[in-house]
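K.L.:
I'll drop the sequence and a predicted model, then ask my questions.
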Amino acid sequence: MSTLRVALVQLHGCPTKKENITNAITQIRLAKERGARLIILPECFNSPYSTAEFARNAEEIPRGETSVALARVAAETGVYLVGGTYPEREGTKLYNTCPVFGPKGELLCKYRKMHLFDIDIPGRCTFRESAALTAGDQLATFTIGSLKIGLGICWDKRFAELTACYRQLGCDMMIFPSAFDTYTGPLHWDLLGRARALDNQMFVALVSPARDETAGYVAYGYSLLSDPWGRVLCRAKEVQETVFADIDLKMCEEIKQQIPVLRQKRTDLYELKAKQ
Ligand SMILES: O=C(O)CCC(=O)C(=O)O
């Protein structure tokens, strides 16, 4: 395998959880028909992105209805499916969790958002995810052949150290199901995606819900995939659509030889350490 077709599935929100799941399944099947082997859904795709809604829509992973439906469609289509995120319940705690299903429908890993989205830009965007959710404390990776992939969720991409830790684990790709808002989106979305790609010499995929001006939280859209050079290989617009990129797995090795910054780090003077 020297290239891998990746589909970024930007979904619009539907009135009910059931309809969101059905819409996702339809788009996954269509992406598979167009040759995708790795399919990625957006953050909080099965419910409104709202601290008031998380508890109502939360489910156990992988026993809940969303996971069961995603596992089934992953097995039916034989793809690697990054199930966006949805609220997870474990005991009394709620998490914002990204599960990954393999081609047999097996749960390969799940990642719980480590940095919770607490923002306060008066008059523009205020959100306090930590009022409803507990932060995760584990990195999560999976592999497709020789490609090792790390997971983060939205706000996590602002923490350069997190992606750098995944780099240390040997990841050549990061996936961030996300939902930037329409104030930070135009300013930071591309910049953060491309910066994480360039400074870690990895592919980086950001997958957003489609924009809905009537929603309580209006997501930015513009899902994109950057290559390790910081070049955007595909980018959605604002509406529901799926965009594709064929990623060349040799590119990470080539750029590491050509621009050897990863080898030139002065670890005698500074160091990054994952504590787990
Ligand atoms: O980083 C941002 O500006 C937005 C983050 C966000 O929407 C999230 O973490 O869900």
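P.N.:
Now that the structure is in, tell me what you want to look at.
K.L.:
Helices of the chain, start to end?
P.N.:
17-33, 51-57, 65-77, 160-168, 184-200, 250-258 (DSSP state H).
K.L.:
beta partners of the residue nearest to residue 169 when sequence neighbours are not counted?
P.N.:
Among residues not flanking residue 169 along the chain, residue 141 sits closest, at 6.2 Å (C-beta to C-beta, 6 or more residues apart in numbering). In this view, the C-beta of every residue, glycine as well, is placed from N, C-alpha and C. With DSSP bridges applied, residue 141 shows beta-bridge pairing to residue 150.
K.L.:
Next to the ligand, which bits of this protein? Give me the list.
P.N.:
When proximity is defined as C-beta under 6 Å from any ligand atom, the chain approaches the ligand at 43, 117, 154-155, 158, 179-181, 184, 188.
K.L.:
How many neighbouring residues does residue 81 have?
P.N.:
Residues near residue 81, counting by other C-beta atoms under 10 Å, number 29.
K.L.:
thinking again about what came up before, can you say which of the residues of the chain next to the ligand are buried?
P.N.:
Burial by neighbour count, judged by 16 or more other C-beta atoms under 10 Å, picks out 43, 117, 154-155, 179-181, 184 from the residues of the chain next to the ligand.
K.L.:
gap between the residue in the stretch 1-150 of the chain positioned nearest to the ligand and residue 99?
P.N.:
Distances between the stretch 1-150 of the chain and the ligand by C-beta to the nearest ligand atom are smallest at residue 117, namely 3.3 Å. Distance of residue 117 to residue 99, computed by C-beta to C-beta, to the nearest Å: 19 Å.
K.L.:
can you check residue 123 too?
P.N.:
36 Å.
K.L.:
out of those two, which sits in the busier spot?
P.N.:
residue 99 (25 against 6).
K.L.:
What is the neighbour count of residue 53?
P.N.:
As a burial measure, residue 53 scores 17 neighbours (other C-beta under 10 Å).
K.L.:
How about residue 131?
P.N.:
11.
K.L.:
That one: what's it in contact with?
P.N.:
When contacts are counted by C-beta atoms under 8 Å, 6 or more residues apart in numbering, residue 131 touches residue 51.
K.L.:
Tell me if I'm right that residue 66 and residue 84 touch.
P.N.:
No - Residue 66 is beyond contact range of residue 84, at 9.2 Å (criterion: C-beta atoms under 8 Å).
K.L.:
quick one: which of the two has more around it?
P.N.:
Neighbour totals were compared for residue 66 and residue 84, and residue 84 leads with 29 against 25 (other C-beta under 10 Å).
K.L.:
so what pLDDT did the more buried one get?
P.N.:
Residue 84 carries a pLDDT score of 98 in this model.
K.L.:
do you know how far it is from residue 33?
P.N.:
Distance of residue 84 to residue 33, computed by C-beta to C-beta: 20 Å.
K.L.:
And the residue nearest to residue 221 when sequence neighbours are not counted, how far from residue 27?
P.N.:
Nearest residue to residue 221, sequence neighbours excluded (C-beta to C-beta, 6+ apart): residue 238, at 4.0 Å. To residue 27, residue 238 is 16 Å away according to C-beta to C-beta.
K.L.:
try residue 60
P.N.:
Distance, residue 60 to residue 27, by C-beta to C-beta: 24 Å.
K.L.:
Next: residue 244.
P.N.:
When distance is defined by C-beta to C-beta, residue 244 is 12 Å away from residue 27.
K.L.:
neighbour count winner among those two?
P.N.:
When residue 244 and residue 27 are compared for neighbours, residue 27 comes out ahead with 19 against 16, by other C-beta under 10 Å.
K.L.:
So residue 86 sits against residue 54, correct?
P.N.:
No - the criterion here is C-beta under 8 Å, and residue 86 misses it with residue 54 at 9.2 Å.
K.L.:
ok, residue 90 - how many residues close by?
P.N.:
Residues lying near residue 90 (other C-beta under 10 Å) number 13.
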